[in-house]
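Asker: Quick check, what structure comes out for this input:
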Amino acid sequence: MDPKVKDGDLVLFVPHEKAISYAGIPMVVCYNGKMMVRGLIENSRRQLTMRAFNRDYEDVVVTDDDDFIICGKVVKIFSIRDPESVL
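Answerer: Residues are numbered from 1 along each chain as shown. Below is the predicted model of the structure:
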């Protein structure tokens, strides 16, 4: 399965003043120094799991030891491609 967000794509997101998770909605997160788009799942113990769209990546449970911030909700993804030659 191809990832929904590819290297070089532009991601438009709405920042949040408070860290709010939306189950099933793509979010921009900063996880241990890397910005990424992930779905967030909260379990009954209020523990967050990050899920990638690309199923080649395993789910990651966010722990207290992680540097983790929810940056905002994704509203649009723009795929940017180089123009091809007409010749």
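Asker: how far away is Tyr10 from Cys30?
Answerer: For residue 10 the amino acid is Leu, not Tyr. Leu10 is 17 Å from Cys30, where distance means Cβ to Cβ, to the nearest Å. (C-beta placed from N, C-alpha, C; glycine too.)
Asker: Which one of those two is surrounded by more residues?
Answerer: Cys30 (13 against 10; other Cβ atoms under 10 Å).
Asker: Wait, that one touches Ile69, no?
Answerer: Yes. In terms of Cβ atoms under 8 Å, Cys30 counts as a neighbour of Ile69; the distance is 4.5 Å.
Asker: Can you show me the strands along this structure?
Answerer: According to DSSP state E, the chain carries its strands in the segments 10-15, 27-31, 34-42, 48-51, 60-61, 68-78.
Asker: how about the spatially most central residue of the chain, what does it touch?
Answerer: With distances taken as Cα atoms, centre = their mean, the residue of the chain nearest its centroid is Val37 (1.3 Å). Residues in contact with Val37 (Cβ atoms under 8 Å, 6 or more residues apart in numbering) are 4-5, 11, 26-29, 53, 74, 77.
Asker: swap in Ile41?
Answerer: Applying Cβ under 8 Å, 6+ apart to Ile41 gives the contacts 23, 48-49, 51, 59.
Asker: and what of Lys73?
Answerer: 13-14, 16, 22, 25-28.
Asker: Find the pair from those residues with maximum spatial separation.
Answerer: Greatest spatial distance in those: His16 and Pro26, 13.5 Å, computed using Cβ to Cβ.
Asker: Those two: who's more crowded?
Answerer: Pro26 (20 against 15).
Asker: which residues sit in contact with the more buried one?
Answerer: Taking Cβ under 8 Å, 6+ apart, one finds 4, 37-39, 53, 73-74 in contact with Pro26.
Asker: And the pLDDT at Met1?
Answerer: Model confidence at Met1, given as pLDDT, is 37.
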